[in-house]
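[1] here is my input, please return the structure:
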Amino acid sequence: MQVLFRLFWDLLLLRQGPQDIPYSRALVFILIFLHIFTGWFLLGISQTLFQALYSAITSTVIAVAFVQIMLITHRKDTRLYQTLSALIGAEILLGMFSIPLTWLYQLRISDALVIGVLSLIIIGWNGMVAGHIFTLALDNKRALGFSYAAFYLFIAIIFSSTLST
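    From the prediction side, this is the model:
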């Protein structure tokens, strides 16, 4: 477990890529469960538990579908497990960074502007990591990888804002 944590941490720092993640169907399913749980916990701070669970499941389905469609479109579908593990594992860690910010915001302990800026940094970091993952999964087509990352974040943000209303 510590090896996987270190691997995902290095992925967040752009020192590793999806090719470094073990090719494991079981790992993907464990990470999908943890992604839903982390999203549910994070969103449960500001939404009802049912809304949070629905939003977390939808977010995970969007990630899975997006990666699968992207890889199939480029005939790289054999990289699905590693790419999905990399993206979801990175988002789990970034979600853990977001939990304290969400608590501080909900409890009105800290300045909302500071929390907003830190949240934007995490979203930008998520985009950078997703672009890095997509670039490597698509054979180093950097502009394409980062374009997909921007589109993925756009879709995720649109859906999350729609579901939270």
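[2] next, count neighbours for residue 72.
    One way to gauge burial is a neighbour count; for residue 72, by other Cβ atoms under 10 Å, it gives 11. C-betas here are computed from N, CA, C, even on glycine.
[3] which helix or strand contains it?
    Element membership of residue 72, judged by DSSP states H and E, is helix 49-73.
[4] center of the chain, which residue is that?
    The residue at the geometric middle of the chain, judged as the C-alpha nearest the mean C-alpha position with Cα atoms, centre = their mean, is residue 91 (2.9 Å).
[5] could you pull out the strands in the protein for me?
    In the chain, no strands are found when defined by DSSP state E.
[6] sorry, back to before: and the helix holding residue 72, how far out from the chain's middle?
    Helix 49-73 has its average C-alpha position 10 Å from the chain's average C-alpha position, going by Cα atoms, centre = their mean, to the nearest Å.
[7] contacts for it?
    For helix 49-73, contacts defined as Cβ atoms under 8 Å, 6 or more residues apart in numbering pick out 32, 35-44, 47, 77, 79-80, 83-84, 87-88, 91, 134, 137-138, 148, 152, 155-156, 159-160, 163-164.
[8] quick one: mean pLDDT over it.
    Confidence over helix 49-73, taken as the mean pLDDT, stands at 94.
[9] buried sites along that helix?
    Going by neighbour count (16 or more other Cβ atoms under 10 Å), the buried part of helix 49-73 is 52-53, 55-56, 58-60, 62-64, 66-67, 70-71.
[10] swap in stretch 22-33?
    Of the residues in stretch 22-33, those scored as buried under the neighbour-count criterion (16+ other Cβ under 10 Å) are 27-28, 31-32.
[11] any idea which of those is closest to residue 7?
    Closest approach between the buried residues of stretch 22-33 and residue 7, by Cβ to Cβ: residue 27, at 10.6 Å.
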